[in-house]
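Colleague: Sequence first, predicted model second:
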Amino acid sequence: MLTCVRILGAGLILAACVLPAGCASASASASSRLTARDIFEAGDEIRQSLGESPWLVNRDSASPPIRLGVSSAVNKSADRLAASDCWAFTAMVIYDESIQQLFEQRAVRLYLPEDTEKTLRSMGLAPDGRIAPGLGIDRTNPTHVLRAEIRSLARQGAAEGKVSDERLDVNLIDYRITEFESSKVVWAKTVRVSREARGTVAD
């Protein structure tokens, strides 16, 4: 489970703090579970894709305004993720300083109901007072929604005649922004995160 999430400046810093039950520390190769560091690194690729998407590139400050809502990621992976972990997948996108600046330039405003904002703040995922001044928060109905879904595949193998001692977990993180009324996908990106671990793999 991902446990260490904190805000620094206007961005999210996600530290990998994953410890197996009953252990004070663990080797980096002892587990193939998805970690906070994986989420943070995947975020770089996601933000770059979003920033270069025709959906945003073809807009400017005079374009019809967009009110972008955000939802918690849906976890369909083999890993158990806390509610804060699922929110981190999308929060790290909308609270990134470079993305906020881009939204401001492209007439995109955040749609954050008060209960959603309070939830993110209670989880340490909302940077207090650090929303870009020109971006703001719009409480009216959203025109678009940012969503994410986590899926996983697990493969394992071993030399002939030996117990399997290798495991490779492939996590696919699907991001998309959909138009609220039509459900049309205006931007989508899938990030692949692979982790390999050594040690006996249980049946």
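Modeller: Great, that's in hand.
Colleague: Please make it C-alpha for all contacts and neighbour counts, starting now.
Modeller: Noted.
Colleague: What segments of the protein are strands?
Modeller: Under the criterion DSSP state E, the chain contains strands at 4-8, 11-15, 66-70, 74-76, 108-111, 137-138, 144-157, 166-179, 185-198.
Colleague: name the helices or strands packed onto the lengthiest helix in the chain?
Modeller: Longest helix of the chain, by residue count under DSSP state H: helix 36-51. Other helices and strands packing on helix 36-51, by 3 or more C-alpha pairs under 8 Å, 6 or more residues apart in numbering; DSSP states H and E, are strand 11-15, helix 83-94, helix 97-105, strand 185-198.
Colleague: Tell me the bridge partners for the nearest residue to residue 179 once chain neighbours are set aside.
Modeller: The shortest distance from residue 179 to any non-neighbouring residue, by C-alpha to C-alpha, 6 or more residues apart in numbering, is to residue 144 (4.4 Å). Here residue 144 sits in beta bridges with residue 68, residue 179, going by DSSP bridges.
Colleague: Per-residue confidence, residue 144, what does it come out as?
Modeller: The score at residue 144 is 95. That number is its pLDDT.
Colleague: That one contacts residue 67, correct?
Modeller: Yes - at 6.2 Å, residue 144 counts as touching residue 67 under the criterion of C-alpha atoms under 8 Å.
Colleague: any idea which of the helices and strands packed on helix 36-51 is most buried?
Modeller: For the helices and strands packed on helix 36-51, the largest average neighbour count (mean count of other C-alpha atoms under 10 Å) is found in helix 83-94, namely a mean of 22.
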